[in-house]
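K.L.:
need coordinates for the following:
(2 chains, ligands or ions: 3)
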Amino acid sequence: MKQLMLGNAAVARGCYEAGVRVVSSYPGTPSTEITENAVKYDEIYCEWAPNEKVGAEVAIGAAIAGARAMTCCKHVGLNVMADPVFTASYTGVNGGLVIAVADDPGMHSSQNEQDSRHYAKASKIIMLEPSDSSECKEFTKAAFELSEKFDTPVFLRLTTRVSHSQSLVELCDRENDELKFYEKNPAKYVMMPGNAIKRHVDVENRMRALEEYAETSPLNTVEDNGAEIGIITSGITYAYAKEALGNKANFLKLGLVYPMPVNLIKDFAAKCKKVYVLEELDPFIEEHCKVNGVDVIGKEVFTLLGEYSVNLIKKVVLGKEIPDVKPEPIPVRPPVMCAGCPHRGTFYVLKKLGLTVSGDIGCYTLGAAAPLGAIDTTICMGASVSAAHGMAKARGTEFNKKLVSVIGDSTFMHSGITGLIDIVYNKGANTVIILDNSITGMTGHQDNPTTGRTIKGEPTKQVDLELLCKAVGIENVVIADPFDVKNFEKVVKEETAKDEPSVIIAQRPCALLKTVKYTGRCVITDKCRNCKMCLKAGCPAITVKDGKPVIDATQCNGCGLCMNICPFDAIEKEEA
Amino acid sequence: METKSIMIVGVGGQGTLLASRILGNAVISQGYDVKVSEVHGMSQRGGSVVTYVRYGEKVHSPIIDKGGADMILAFELLEAKRALPFLKKDGKIIVNSQEIDPMPVIIGAAVYPENLAEKLSESADTTAVDALSLAKRAGNPKAVNVVLIGVMAKNWDIPYEVWTDTIKKTVPEKFLEVNLKAFELGYNS
Ligand SMILES: Cc1ncc(C[n+]2csc(CCOP(=O)(O)OP(=O)(O)O)c2C)c(N)n1
Ligand code: SF4
Ligand code: SF4
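P.N.:
Ligands and ions are numbered 1, 2, ... in the order given. Here you go, the predicted structure:
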């Protein structure tokens, strides 16, 4: 029977059917739902790792031990796991190993638009790219077969529109779930120079074999419609191209984006008058064609930026001008922290104190938006801590006394702790605020080592943030509730004034957690003197009608933060 | 049959995702090929959200381009206006008459346009409903999404039971009663 399935759910289904036994990942949009769906199959052991590097290493270990294993990440997650991945290319596998990486053209939910196909080439690892949910499942299974056949990790590349679209998938049974034989084999698995030099030869030989395989792989398909126009494409752009051009073009769809065939491309191109390469982001396929002497049209008429579309393809390939009516300007609607968000209290205070804020990635990145506008920098996960250390070393003590880092609990576990160790070790005096909302919020509420629950929701040991910070040498660790704004302000002032490093753990759970039960709704009474202080917190439930602040009862969740901000006690709670 | 394209727009947190899943599952039960494009991540935090449902004999792209939507199902007036360039010339709009101020309006950096419902009717065949009141009547203001599915369903040839069966399969048990009520109120509005 066919089922409507999210691309990511179909990858998880592919894992199940391929007999995968171990999945270890760190969440990241648009890849998160692969692991969240894999955990629904009892046959697969799944976990959230503290970061992508750990997740990849767990999967590599499982594969060496003889299980089929997978790790999943967003594009920038691949940067974090690059170290083990490049060397796993040398060791090869025992049980199949697949690394699912989801790129985000258009940056729906990301801090950059990197094209992870370059990693395939750089690490000499084969890469498959599906274009709908059915292929997500089939390619996942094919990836495990290829991994074992060619003794290599395999990348499965997704993009947001493939990961987050639903289409029909035919379900099959689970196969191949027996463990492979494990035996000690240092020449293959101990990568020190003497062994690695030999393994590198194997890697190059494997690449030649894979290049040959690419010429005849069933993952690459040709659709000859007897047309003059030829399209070479892969992934979601294939879907756009088919929608835009139907039978007006011939198609070479590359399911294998690394390594790519040469003769197949040459033969295809020879039958067409004009060949276009359709690919989002970098000219990866295009350059391969050009290096091999195939004359194709690519980025000179398309774009390096953002997503492609059906209209763009119609316009460029068919010369079909689509009238683009300029819409009247209307207010934009950027994302905001939820009504009741615990981070709001922290940023309200930081903004009020006029501090320089070294930011990080999570829901709290939204503290950079108006009216809070409290964040100075956001680079990558963990950088809030280490970059602030750099700022302090560059500009000195006085600057440091007006500087804080903000980092979420999950992000701190991911890569904040190493920065903190750097501060202690190298005699820094930074103030780091851990925004402990007891969850990984931004990516849709995953558990992490600080929540005390596993991915299955089972109770487990909980990392004690206070003890951890003390253990690495921070003597000033203060736990404070960010909604008690008066006390929180006092704590921030005290800790930033010190000549030693401090950690403030801003503790209050995410408003969307089931365990959080705020009741009633807040209302603004006639004690209001229209000072509009409450608006400074940027709660989406507080808006202005006829020049006065009002609280929208359908949006307020009764968290009470605004009551603590109002200087005239004009905001009261109405119980439902 | 030519592929039909429905665009569902709203504000992150309003439940557009569930609506598009109900819609997608209702149309497959009729034997169509279906693609549904969802939004996860950043914009779910109160930003503009857009999901697409496309169905027909064979659907390639999960995405709807400008000028390509047969219908816009809008959960909020300003978002309906924002989606207007995506509507086909003879397309239809179903819109919840609720207004939710975006942050630039709240902080006074922009003004929420006036009389949006009327302006929409001038540009397209528009049905405006107070889905929030109906959802409250059903027992939960969050059921706006299913009320709107109900409004949309009444002009469709898919039988009533197919919709309610799909809702039963898609919605968690404890919210089922409210959602079935919400659907009925939308359907009979
Ligand atoms: C290397 C990397 N991996 C994953 C992500 C995706 N991501 C963005 S924020 C975030 C975690 C946020 O959780 P937390 O730090 O607890 O903050 P919250 O969102 O709960 O406020 C993740 C996983 C990323 N941006 N970069
Ligand atoms: S999901 Fe939680 S942490 Fe994220 S903005 Fe909403 S309340 Fe804040
Ligand atoms: S209006 Fe006040 S009580 Fe309601 S959610 Fe916003 S800050 Fe919390």
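
K.L.:
quick one: residues contacting A:E43.
P.N.:
A:16, A:21, A:174, A:177 (CB atoms under 8 Å, 6 or more residues apart in numbering or on different chains). Every residue, glycine included, has its C-beta placed from N, CA and C.

K.L.:
contacting residues around residue 30?
P.N.:
Just so you know, I chose chain A. Going by CB under 8 Å, 6+ apart, A:P30 touches A:8, A:74, A:102, A:104, A:108-109, A:158-160, A:163-164, B:40-41.

K.L.:
wait, I meant chain B there
P.N.:
Counting by CB under 8 Å, 6+ apart, B:Q30 touches B:158, B:162.

K.L.:
if we can go back for a sec, now the contacts of A:P30 as a markdown table including secondary structure and pLDDT?
P.N.:
A markdown table is the format used below for the contacts of A:P30 (DSSP: H, G, I helix; E, B strand; the rest coil; pLDDT from 0 to 100):
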| residue | secondary structure | pLDDT |
| --- | --- | --- |
| A:N8 | helix | 98 |
| A:K74 | strand | 98 |
| A:A102 | strand | 98 |
| A:D104 | coil | 98 |
| A:H108 | coil | 93 |
| A:S109 | coil | 92 |
| A:L158 | strand | 98 |
| A:T159 | strand | 98 |
| A:T160 | helix | 97 |
| A:S163 | helix | 98 |
| A:H164 | coil | 97 |
| B:H40 | coil | 84 |
| B:G41 | coil | 76 |
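
K.L.:
out of the residues you listed, which touch ligand 1?
P.N.:
For ligand 1, the contacts drawn from those by CB under 6 Å from any ligand atom are A:K74.

K.L.:
where does pLDDT dip in chain B?
P.N.:
Within chain B, no stretch has pLDDT under 70.

K.L.:
can you pull up the most central residue in it?
P.N.:
B:L73 (3.5 Å; CA atoms, centre = their mean).

K.L.:
relative to whichever strand or helix holds that residue, what are the paired strands and their orientations?
P.N.:
Taking DSSP states H and E as the definition, B:L73 sits inside strand B:69-74. Sheet neighbours of strand B:69-74, with direction, are listed as strand B:4-11 (parallel), strand B:87-96 (parallel) (DSSP bridges).

K.L.:
how about residues contacting the helix or strand following that strand?
P.N.:
The helix or strand immediately downstream of strand B:69-74 is helix B:77-83, counting by DSSP H and E. The contact list for helix B:77-83, computed with CB under 8 Å, 6+ apart, reads A:327, A:330-331, A:333, B:7, B:9-11, B:48, B:50, B:69, B:72, B:74, B:93, B:95-100, B:102, B:112-113, B:116-117, B:119-120.

K.L.:
so where do the helices sit in chain B?
P.N.:
Using DSSP state H, the helices found in chain B span residues B:16-28, B:77-83, B:103-106, B:116-123, B:131-138, B:144-153, B:160-170, B:176-187.

K.L.:
for B:A74, which non-adjacent residue is spatially closest?
P.N.:
Closest residue to B:A74 apart from its sequence neighbours, by CB to CB, 6 or more residues apart in numbering or on different chains: B:A80 at 3.4 Å.
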